[in-house]
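> what's the 3D shape of this:
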Amino acid sequence: MKSFQSIRFKKETVKDFQAFSRKFFKTHTEALQAMLDFFLYNEISPKESLGPNGRTITNLIKKRFNAMAAMMKNIEKQGILPTKAMLELLFEHSPKKKQEQAPLLLYGQDSDPERDMFFKKVEQALVMEKENTNLKRDLRQNREEFYIVLKKLHLVKSSFGKPRLQLDMTPADFEILKIKIEKELH
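This is a model prediction of the structure:
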């Protein structure tokens, strides 16, 4: 048989505890025991500060995630893939926070040369990666077109003279290819 004992609390505290207890536990005893177990198990005092709390850590993570999401949107918009260098810039080579310096903000603050240099490097990396991606795509297209032309070339052996190559392509297709190549050269 369970034995109960009473403890005296102020009415406001009792109301707060009962609301908390009903929200998370079946009984008030379970709620109080869980609280005691938490403090005993973690060897902390309810009077001491735990340092940065969950909200401040969550806010820091959200800010970092928002910065990363903005970078990813930019990457999607520009049509390029992130490189190792870009990711290193984002995570490892970000401007170091100086002692007693306010958090780095994007708007509403005076210009910070260190932060500006970091973002310039990121922008330069994005531009270089975009150019690299475009060059690779163009090279791949040119190789595919060249291969198609090579497949249409045939060796023709002549009874008079040397063997020659014959292009099996309509004059219209040949003109289209010729115009396209001329445009790419200029």
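
> Three-state assignment for residue 3, please.
Secondary structure for residue 3, judged by DSSP: H, G, I helix; E, B strand; the rest coil, is coil.

> Check it and give its pLDDT.
Here, the pLDDT recorded for residue 3 equals 83.

> how about the helix or strand where residue 29 lies as CSV, C-alpha atoms only?
Using DSSP states H and E, residue 29 falls within helix 28-41. Taking Å, rounded to 0.1, in the frame of the first residue of the first chain, the C-alpha atoms of helix 28-41 are listed here in CSV:
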residue,chain,number,x,y,z
HIS,A,28,2.4,14.6,-9.4
THR,A,29,4.6,12.1,-7.6
GLU,A,30,6.2,10.9,-10.9
ALA,A,31,6.8,14.5,-11.9
LEU,A,32,8.6,15.4,-8.7
GLN,A,33,10.6,12.2,-8.7
ALA,A,34,11.7,12.8,-12.3
MET,A,35,12.9,16.3,-11.4
LEU,A,36,14.8,15.0,-8.4
ASP,A,37,16.3,12.2,-10.5
PHE,A,38,17.4,14.7,-13.2
PHE,A,39,19.3,16.9,-10.7
LEU,A,40,20.8,13.9,-8.9
TYR,A,41,21.8,12.0,-12.0
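
> In terms of secondary structure, what does it contact?
helix 11-24 (3 or more CB pairs under 8 Å, 6 or more residues apart in numbering; DSSP states H and E). All C-beta atoms are positioned from the backbone trio N, CA, C, and that covers glycine.

> got the buried residues for the helix it packs on?
Within helix 11-24, the residues scored as buried using 16 or more other CB atoms under 10 Å are residue 21.

> same deal with stretch 115-128?
118, 122, 125-126.

> Which of those fall within helices?
118, 122, 125-126 (DSSP state H).

> Kindly reformat the residues you listed as CSV containing pLDDT and distance to residue 22.
Formatted as CSV, those follow (pLDDT from 0 to 100; distance: CB to CB, whole Å):
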residue, pLDDT, distance to residue 22
118, 78, 50
122, 81, 51
125, 84, 54
126, 84, 53
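
> So which of these is the closest to residue 170?
residue 126 (42.8 Å; CB to CB).

> Confidence-wise, which helix or strand of this structure is lowest on average?
Lowest on mean pLDDT, DSSP states H and E among the helices and strands of the chain sits helix 84-91, with a mean of 63.

> Report the separation between residue 170 and residue 176.
9 Å (CB to CB, to the nearest Å).

> whoops, I mixed them up, residue 153
17 Å.

> got it, and residue 114?
Distance, residue 114 to residue 176, by CB to CB: 53 Å.

> Likewise for residue 186?
Distance, residue 186 to residue 176, by CB to CB: 17 Å.

> More neighbours: the two, which one.
For residue 186 versus residue 176, the count of surrounding residues by other CB atoms under 10 Å is larger for residue 176: 12 against 4.

> I appreciate the help and will end here.
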